[in-house]
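Trainee: prediction below, plus the sequence it came from.
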Amino acid sequence: MYLKSCAVITKKRNAFPFTIPSLRQLETLTFPTNVTFFVGENGSGKSTLLEGIAWQCGFHTAGGSRNHLYDVHKSSSDMGAYLRLAWLPKITRGFFLRAETFYQFAEHLDQMESDKRYANYGGESLLDQSHGESFLTLFTQAFKGKAIYLLDEPEAALSPTRQLSLLRIMKDLEHEAQFIIATHSPILLGYPHATIYEFDETGINEVQYEETTHYIVTKQFLNARDVMLKHLFED
């Protein structure tokens, strides 16, 4: 691991992002394994914290690394200035993937004038590929070596089989790279020996895979689809 922990150094009471219950209670969060997942309902604070970590790493918070400078609406962080990161050793290489602004990142590459703009992305424009293919191209071509990768809902563009492909990529890199991933995917959450933090009104708590709401609901649906739909659709 490279990033050992993140700590809140100050809090602005009654102001965003500390109006989010999980972040209001956060003091220090440790990263004891090479793969860490943030899981929770929409609005639970997981993406906000991941974005803050990316900001502290010097990555473009709309998506990219330290080397990507481009203008886009979502290019700041509400959490970053309140965090302190602890490293051993500190590294500067890595990438922040934000699913919702990935198109703007791909467009930025197209607008660069360098002849080597696609060198790390399979040699062709990401915009000439499907959304899922462009994600996999990023993972297979650009992710390598000693680095930290922060992924915000990477499953957004990936089919279940492509999510399995991402797990394989992570496995191949696990001895060199560190991953922190905010996700809703029960497939990705199944990565072996990962640390899983669940964000909810009680705070940020480490849980086992089988304890996550995403696993429980998915398993119940697959095992008793008709029963769940009957209750869901009842007036």
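Mentor: Received the coordinates, thanks.

Trainee: what residue ranges in this structure score low on pLDDT?
Mentor: 67-76, 103, 112-117, 119-120, 122, 235 (pLDDT under 70).

Trainee: could you pull out the strands for it?
Mentor: For the chain, applying DSSP state E gives strands covering 3-8, 28-30, 35-40, 83-87, 94-98, 147-152, 177-182, 195-200, 203-207.

Trainee: of these, which is nearest residue 118?
Mentor: Of all the strands of the chain, it is strand 94-98 that lies closest to residue 118, at 15.4 Å by C-beta to C-beta. C-beta coordinates here come from the backbone N, C-alpha and C atoms, glycine included.

Trainee: tell me what the closest one is packed against?
Mentor: Contacts defined by 3 or more C-beta pairs under 8 Å, 6 or more residues apart in numbering; DSSP states H and E place strand 94-98 against helix 46-57, strand 147-152.

Trainee: and for the first one, what are the contacting residues?
Mentor: Yep, that's helix 46-57 we're talking about. Defining contact as C-beta atoms under 8 Å, 6 or more residues apart in numbering, one finds that helix 46-57 is touched by 3, 6, 17, 20, 22-23, 26, 29, 38-40, 60-61, 66, 76-85, 92, 94, 96, 98, 148, 150, 152-153, 180, 182, 197, 199.

Trainee: quick one: buried ones out of those residues?
Mentor: 3, 6, 17, 20, 22-23, 26, 29, 38-40, 60-61, 77-80, 82-83, 85, 94, 96, 98, 148, 150, 152-153, 180, 182, 197, 199 (16 or more other C-beta atoms under 10 Å).

Trainee: how about the lengthiest helix in the chain as CSV, C-alpha atoms only?
Mentor: For the chain, the helix with the greatest residue count under DSSP state H is helix 160-173. Extracted C-alpha coordinates of helix 160-173, given in CSV (Å, rounded to 0.1, in the frame of the first residue of the first chain):
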residue,chain,number,x,y,z
PRO,A,160,-21.2,-8.0,-15.8
THR,A,161,-18.6,-9.8,-17.9
ARG,A,162,-16.6,-6.6,-18.3
GLN,A,163,-16.7,-6.1,-14.6
LEU,A,164,-15.1,-9.5,-14.2
SER,A,165,-12.4,-8.3,-16.7
LEU,A,166,-11.7,-5.4,-14.4
LEU,A,167,-11.3,-7.8,-11.5
ARG,A,168,-8.7,-9.6,-13.4
ILE,A,169,-6.9,-6.4,-14.3
MET,A,170,-6.9,-5.5,-10.6
LYS,A,171,-5.5,-8.9,-9.7
ASP,A,172,-2.7,-8.6,-12.2
LEU,A,173,-1.7,-5.2,-10.7
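
Trainee: before I go, just wanted to say thanks for your time.
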